[in-house]
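**Q** pasted the sequence and its predicted model underneath.
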Amino acid sequence: MSTPLLPLADGVLAMPLIGPIDARRSEQIMEGLLQGVAREGTTIVILDVTGVDTIDTQAANGLIRAAHAVRLLGARVLITGIQPAMAHVLVQLGVDPQGIATYGALRSGIAAAMSAR
């Protein structure tokens, strides 16, 4: 699976994620995000997990680490599309998004990103 970065507006990128996320893919997500943010001068990144059916501890922690790394580059991260089953698993795993904004739908995340620009 690829990890595309889509420009939505000046300073706003989205990365839609579809399918399973394993250790290798977590690393690809991290590298793609960091390179894209640095290259584009991004201020807001939307990680959309609508297409991710299930998530395990390793994948969840990988996404959170990627989000924190992006924050070190000066960009905000929004996570969108967390489904009820995924939210339940994340709570059971004790994953704490630590200040990362989450939105139920990509549309809500895009609206928040556009109003924050």
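**A** Done, it's in. Residues are numbered from 1 along each chain as shown.
**Q** against Ser2, how distant is the residue nearest the centre of the chain?
**A** With distances taken as C-alpha atoms, centre = their mean, Leu47 lies nearest the centre of the chain, 2.5 Å away. Distance, Leu47 to Ser2, by C-beta to C-beta, to the nearest Å: 14 Å. C-beta: built from backbone N, CA, C; applies to glycine.
**Q** show me the shaky parts of this structure.
**A** 1 (pLDDT under 70).
**Q** mind jotting down where the strands sit in it?
**A** Assigned strands in the chain, in chain order: 6-9, 12-18, 44-51, 76-80, 101-103 (criterion: DSSP state E).
**Q** for the shortest one, give me every contacting residue.
**A** Read that as strand 101-103. Strand 101-103 is contacted by residues Arg76, Val77, Leu78, Ile79, Thr80, Gly81, Ile82, Gly109, Ala112 when judged by C-beta atoms under 8 Å, 6 or more residues apart in numbering.
**Q** can you put these in JSON lines and add neighbour count and distance to Ala9?
**A** Formatted as JSON lines, the contacts of strand 101-103 follow (neighbours: other C-beta atoms under 10 Å; distance: C-beta to C-beta, whole Å):
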{"residue": "Arg76", "neighbour count": "19", "distance to Ala9": "14"}
{"residue": "Val77", "neighbour count": "24", "distance to Ala9": "16"}
{"residue": "Leu78", "neighbour count": "23", "distance to Ala9": "13"}
{"residue": "Ile79", "neighbour count": "20", "distance to Ala9": "18"}
{"residue": "Thr80", "neighbour count": "23", "distance to Ala9": "16"}
{"residue": "Gly81", "neighbour count": "22", "distance to Ala9": "19"}
{"residue": "Ile82", "neighbour count": "21", "distance to Ala9": "23"}
{"residue": "Gly109", "neighbour count": "23", "distance to Ala9": "13"}
{"residue": "Ala112", "neighbour count": "16", "distance to Ala9": "13"}
